[in-house]
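Visitor: could you work out the structure for the sequence below:
(one chain, ligands or ions: 2)
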Amino acid sequence: MPLCDVCGNDYDRTFEVVLSGRRHVFDSVECAIHALSPRCEHCRCKIMGHGIEYDGRSFCSVRCAEATGVVGAMHRVD
Ligand SMILES: [Zn+2]
Ligand SMILES: [Zn+2]
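Guide: Ligands and ions are numbered 1, 2, ... in the order given. Next comes the predicted model:
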């Protein structure tokens, strides 16, 4: 039985996520978010929705991007 990458739970309904060629196994979406979602560089919160990426840096909102001196950050729409 595959084990969850995050909590080590042995669960028969785990699922796999392939990100940048690396395979991750999770038992829940919560664990997947914990492991895969980026953190806002400014307020350190987990970015679960459409965050902002600017110059390889991740932010939860335009406010946080601007607070760290980023000008012209745009919401990602993909
Ligand atoms: Zn887990
Ligand atoms: Zn933030």
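Visitor: now the strands: where do they sit in this structure?
Guide: Ranges of strands within the chain are 15-19, 22-26, 52-54, 57-59, based on DSSP state E.
Visitor: ok, and what's touching the second one?
Guide: Residues from elsewhere that reach strand 22-26, judged by C-beta atoms under 8 Å, 6 or more residues apart in numbering: 2-6, 14-18, 32, 35-36. Glycine gets a C-beta too; all of them are placed from N, C-alpha and C.
Visitor: and if we set it to 7 Å?
Guide: If you take C-beta atoms under 7 Å, 6 or more residues apart in numbering as the criterion, strand 22-26 is touched by P2, L3, C4, D5, V6, T14, F15, E16, V17, A32, A35, L36.
Visitor: isn't the second one up against D27?
Guide: I take that to be L3. No - with contact defined as C-beta atoms under 7 Å, L3 does not count as touching D27 (8.2 Å).
Visitor: who in this protein is up against ligand 1?
Guide: Counting by C-beta under 5 Å from the ion, the chain comes close to ligand 1 at C4, V6, C7, N9, D27, C31.
Visitor: neighbours of the third one, how many?
Guide: Here the count is done by other C-beta atoms under 10 Å, and C7 has 14 residues near it.
Visitor: same deal with the fourth one?
Guide: Applying other C-beta under 10 Å, we find 15 residues neighbouring N9.
Visitor: wondering if stretch 52-59 reaches ligand 2 at all.
Guide: No - legend: contact between stretch 52-59 and ligand 2 by C-beta under 5 Å from the ion is lacking; minimum distance shown is 5.6 Å.
Visitor: tabulate the CA atom coordinates of that stretch in CSV.
Guide: What follows is stretch 52-59, C-alpha atoms only, in CSV (Å, rounded to 0.1, in the frame of the first residue of the first chain):
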residue,chain,number,x,y,z
ILE,A,52,0.8,35.5,-8.1
GLU,A,53,4.2,34.5,-9.5
TYR,A,54,6.6,37.2,-10.3
ASP,A,55,10.2,36.6,-11.3
GLY,A,56,10.1,33.1,-9.8
ARG,A,57,8.7,34.4,-6.5
SER,A,58,5.2,33.5,-5.2
PHE,A,59,2.7,35.7,-3.5
